[in-house]
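# Build the 3D model from these lines:
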Amino acid sequence: MHWSFFTVMVVVCATGIHFFSQMAKNTVDPVIALVITTGSAFLLSLCLLPAAQDGLVKNLNFGKGPVLYMLVGACITFAHLGIFYMFKAGAPMSLATPIARFLPAILAVILGVVVFHETLKPVQIAGLVLAVVAVVLTVK
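Model (predicted):
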């Protein structure tokens, strides 16, 4: 399947994270919300486990991969906790969400270039500059 399908899935689900977090901001404590969301994500991931292409046994090792995915899990945990506290503190979705989504995208491009030696075409650099402008205009 083409990567753009999964990109659409990320965009839709990431939007849902902010939308539903804003709706639920005063219903439970953010730490309890984190337990609920990560617990439901864990249960859903267990349901998807049979779809793993390599199988569970092949992936049970203690090499670099599991450690990196534990770091991903830590990032997900603290990012979601930040989202819950951000909305509980009264952040408007129309302002906080673009900042929380655009800036990581810009940083990801920079990391891709610096760490993974990816190259950018001039039009992509222009897009990156416009993304920075978009964040600045959104914040004003």
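
# so what's the nearest residue to Leu81 once chain neighbours are set aside up against?
Nearest non-adjacent residue to Leu81, counting by Cβ to Cβ, 6 or more residues apart in numbering: Leu34, 5.1 Å away. Every C-beta, even on glycine, is put in place using the N, C-alpha and C of the backbone. By Cβ atoms under 8 Å, 6 or more residues apart in numbering, the contact list for Leu34 reads Thr77, His80, Leu81, Phe84.

# Just want to check the distance between Leu34 and Thr27.
Leu34 sits 13 Å away from Thr27, going by Cβ to Cβ, to the nearest Å.

# Run through this structure and note the low-pLDDT ranges.
Within the chain, the stretches with pLDDT under 70 are 54-62.

# Now do the domain split for the protein, please.
1-91, 92-140 (automatic domain parsing).

# most residues in a single helix of the chain, which one?
Looking across the chain with DSSP state H, the single longest helix is helix 64-88.

# now the angle from whichever helix or strand comes after that one to helix 64-88?
Remark: after helix 64-88, the chain's next helix or strand is helix 93-114, criterion DSSP states H and E. Taking axes from the mean of the first three to the mean of the last three Cα atoms, to 10 degrees, helix 93-114 and helix 64-88 form an angle of 150 degrees between their directions.

# CA atoms only for helix 93-114, dumped as PDB, please.
This file holds the C-alpha atoms of helix 93-114, laid out as PDB (Å, rounded to 0.1, in the frame of the first residue of the first chain):
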ATOM      1  CA  MET A  93      -7.900  24.500  19.700                       C
ATOM      2  CA  SER A  94      -7.700  26.900  16.800                       C
ATOM      3  CA  LEU A  95      -4.400  28.300  18.100                       C
ATOM      4  CA  ALA A  96      -2.700  25.400  20.100                       C
ATOM      5  CA  THR A  97      -3.300  22.700  17.600                       C
ATOM      6  CA  PRO A  98      -1.600  24.400  14.600                       C
ATOM      7  CA  ILE A  99       1.400  25.200  16.900                       C
ATOM      8  CA  ALA A 100       1.500  21.700  18.200                       C
ATOM      9  CA  ARG A 101       1.300  20.200  14.700                       C
ATOM     10  CA  PHE A 102       3.300  22.600  12.500                       C
ATOM     11  CA  LEU A 103       6.300  23.000  14.700                       C
ATOM     12  CA  PRO A 104       7.000  19.200  15.000                       C
ATOM     13  CA  ALA A 105       6.500  18.900  11.200                       C
ATOM     14  CA  ILE A 106       9.100  21.700  10.700                       C
ATOM     15  CA  LEU A 107      11.500  20.100  13.200                       C
ATOM     16  CA  ALA A 108      11.000  16.700  11.500                       C
ATOM     17  CA  VAL A 109      12.100  18.200   8.200                       C
ATOM     18  CA  ILE A 110      15.200  19.700   9.800                       C
ATOM     19  CA  LEU A 111      16.000  16.400  11.500                       C
ATOM     20  CA  GLY A 112      15.500  14.500   8.200                       C
ATOM     21  CA  VAL A 113      18.000  16.700   6.500                       C
ATOM     22  CA  VAL A 114      20.500  16.900   9.300                       C
END
